[in-house]
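Engineer: no sequence for this one, just the structure:
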Ligand code: SF4
């Protein structure tokens, strides 16, 4: 793809919505009022896709930097979960996984490294679109033992919370809960990584539809960081950037909900109640980042008969290779490095043959950059 092709596609975005070019001009003139670089983190992988795919970085003034954040659940899912599921898949259990986590590497140096490889070696692995798909399989195979690999943030937690509440999970189905919660990782980042100075945050739209826009009010209140809950169209993201610059100039950090067509201030109250009834927040391990307080959603005592880790009596602990040698994922996930800072990017690590976890899922920053390389204007 040539540079002209890129310009043509970006122009197409503008033609579809001429308001976008007005907002870009406003961003440029606001940026002139700010001395120094403004670093804006987009939390969510889907926002990263919008920014990368529509070439929004190429439209930014020099002093506005857009950096990707930790909003890819597969990227931070511990490899020791994968190791355990590989083992079970070779020993009679059927593992049901979202396609996103199918190629997620475990922590092994030799042997089978992912559920994809386990499947190829005869392991029982089934890719599903939803928990209900997995339940249907378990109901059809009453004599088999089934495990659902529950990877995700707050958006996906209701998919297991409701069936657990209703008592409709079959006897032969267990859940490996790898759920992680998003506000705690932002607190962790702001408190533990002063090197990643943030001037604004574009908060995740999907997650906020569950937890509510107000869940992000701690960012301006406790850390003085402006935050905008944003939709996923290019114009949503551009507007969010503009709002952050305006708040910076006025030195009035606050919370703005740009995605009011989907996100309510209080979120989805019913879903939040279901999550609260079934799960409790506990300290959890984020792959190669470490333990983050209150960042994991684990089942409460009365639902642990369906929790794989509780049923097997396993103690969760990181594997020796949660951090894969040479992989910059822990920095990429926290916005401290770009995929192109990794020497393995598009060499040893590609979307077809991912080496590190950020190259596996369509929400992973490395994968998004790899698939949108022409639009990044990297030269
Ligand atoms: S390119 Fe691959 S190896 Fe490098 S940081 Fe990204 S996922 Fe890790």
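Structural biologist: Arrived safely. Not measured: the values here are computed from a predicted model.
Engineer: for the helix or strand harbouring residue 88, which positions count as buried?
Structural biologist: Residue 88 belongs to helix 79-89 when assigned by DSSP states H and E. Neighbour-count burial for helix 79-89, counted by 16 or more other C-beta atoms under 10 Å, picks out 79, 80, 81, 82, 83, 84, 85, 86, 88, 89. Every C-beta, even on glycine, is put in place using the N, C-alpha and C of the backbone.
Engineer: now do stretch 137-157
Structural biologist: Taking 16+ other C-beta under 10 Å as the basis for neighbour counts, the residues of stretch 137-157 that come out buried are 137-138, 145-157.
Engineer: now do stretch 248-257
Structural biologist: With burial defined by 16+ other C-beta under 10 Å, the residues of stretch 248-257 counted as buried are 248, 253, 255, 256, 257.
Engineer: Also stretch 298-310?
Structural biologist: Along stretch 298-310, these residues count as buried under the neighbour rule (16+ other C-beta under 10 Å): 298, 299, 303, 306, 307, 308, 309, 310.
Engineer: And the contacts of that stretch?
Structural biologist: Contacts of stretch 298-310 from elsewhere in the structure, counted by C-beta atoms under 8 Å, 6 or more residues apart in numbering, are 147, 164, 169, 173-177, 179, 277-282, 284, 311, 316.
Engineer: Return the subset of those residues lying in helices.
Structural biologist: With helices identified by DSSP state H, the entries of the contacts of stretch 298-310 that belong to them are 164, 277, 278, 311.
Engineer: Show the model's pLDDT score for the closest residue to the last one other than its chain neighbours.
Structural biologist: Spelled out, it's residue 311. Nearest residue to residue 311, sequence neighbours excluded (C-beta to C-beta, 6 or more residues apart in numbering): residue 174, at 5.9 Å. The predicted local confidence for residue 174 comes out at a pLDDT of 98.
Engineer: Next: residue 52.
Structural biologist: Residue 52 is assigned a pLDDT of 93 by the prediction.
Engineer: From residue 77, how far out is it?
Structural biologist: Distance check for residue 52 against residue 77: by C-beta to C-beta, to the nearest Å, it reads 22 Å.
Engineer: ok, these two, which is more surrounded?
Structural biologist: Neighbours per residue (other C-beta atoms under 10 Å) separate residue 52 from residue 77, with residue 77 holding more: 26 against 22.
Engineer: residue contacts, the more buried one?
Structural biologist: Residue 77 touches 101, 104, 151, 178, 180, 287, 357, counting by C-beta under 8 Å, 6+ apart.
Engineer: distance of the closest residue in space to the second one that isn't next to it in sequence from residue 309?
Structural biologist: In other words, residue 104. Counting by C-beta to C-beta, 6+ apart, the nearest residue to residue 104 once its immediate chain neighbours are dropped is residue 360, at 5.1 Å. Residue 360 is 22 Å from residue 309, where distance means C-beta to C-beta.
Engineer: Residue 167 too?
Structural biologist: Applying C-beta to C-beta, the value for residue 167 to residue 309 is 20 Å.
Engineer: For the ligand, what is the nearest residue in the protein?
Structural biologist: Distance from the ligand to each residue of the chain (C-beta to the nearest ligand atom) is smallest for residue 356, at 2.4 Å.
Engineer: Please enumerate the strands of the chain.
Structural biologist: Listed in chain order, the strands of the chain (DSSP state E) span residues 38-44, 64-71, 93-98, 125-128, 145-152, 173-179, 200-203, 227-229, 255-257, 279-286, 290-299.
Engineer: would TSV of the ones you listed with distance to residue 56 be doable?
Structural biologist: Rendered in TSV, the data for the strands of the chain read as follows (distance: least, C-beta to C-beta, whole Å):
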stretch	distance to residue 56
strand 38-44	10
strand 64-71	7
strand 93-98	27
strand 125-128	32
strand 145-152	26
strand 173-179	30
strand 200-203	11
strand 227-229	14
strand 255-257	18
strand 279-286	27
strand 290-299	29
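Engineer: Kindly state which of those strands is positioned closest to residue 349.
Structural biologist: If you check each of those against residue 349 by C-beta to C-beta, strand 64-71 wins as the nearest, at 16.2 Å.
Engineer: Briefly note if the closest one comes near the ligand.
Structural biologist: No - contact between strand 64-71 and the ligand is absent, the nearest approach being 11.2 Å (criterion: C-beta under 6 Å from any ligand atom).
Engineer: ok, that strand: who's next to it in the sheet?
Structural biologist: Sheet pairing for strand 64-71, assigned by DSSP bridges, gives strand 38-44 (parallel).
Engineer: Correct me if wrong: the residue nearest to residue 104 contacts residue 75.
Structural biologist: Yes - using C-beta atoms under 8 Å, residue 360 makes contact with residue 75 at a distance of 7.4 Å.
Engineer: Check the residue of the chain closest to the ligand and give its pLDDT.
Structural biologist: In this prediction, residue 356 carries a pLDDT score of 94.
Engineer: give me every residue that touches it.
Structural biologist: Contacts for residue 356 (C-beta under 8 Å, 6+ apart) come out as 105, 324, 327, 328, 329, 342, 344, 349, 366.
Engineer: Just to check, the last one is in contact with residue 358?
Structural biologist: By that I understand residue 366. Yes - under the criterion of C-beta under 8 Å, residue 366 is in contact with residue 358, at a separation of 4.0 Å.
Engineer: between these two, what contacts are shared?
Structural biologist: Where contact means C-beta under 8 Å, 6+ apart, the residues bridging residue 366 and residue 358 through contact with each are 329, 332, 339.
Engineer: Enumerate every residue touching the spatially closest residue to residue 33 that is not a sequence neighbour.
Structural biologist: Counting by C-beta to C-beta, 6+ apart, the nearest residue to residue 33 once its immediate chain neighbours are dropped is residue 249, at 5.3 Å. For residue 249, the contacting residues are 30, 33, 34, taking C-beta under 8 Å, 6+ apart as the criterion.
Engineer: what number of residues lie near the spatially closest residue to the first one that is not a sequence neighbour?
Structural biologist: Nearest in space to residue 30, with sequence neighbours left out and distances taken as C-beta to C-beta, 6+ apart, is residue 245 at 4.1 Å. Residues lying near residue 245 (other C-beta under 10 Å) number 25.
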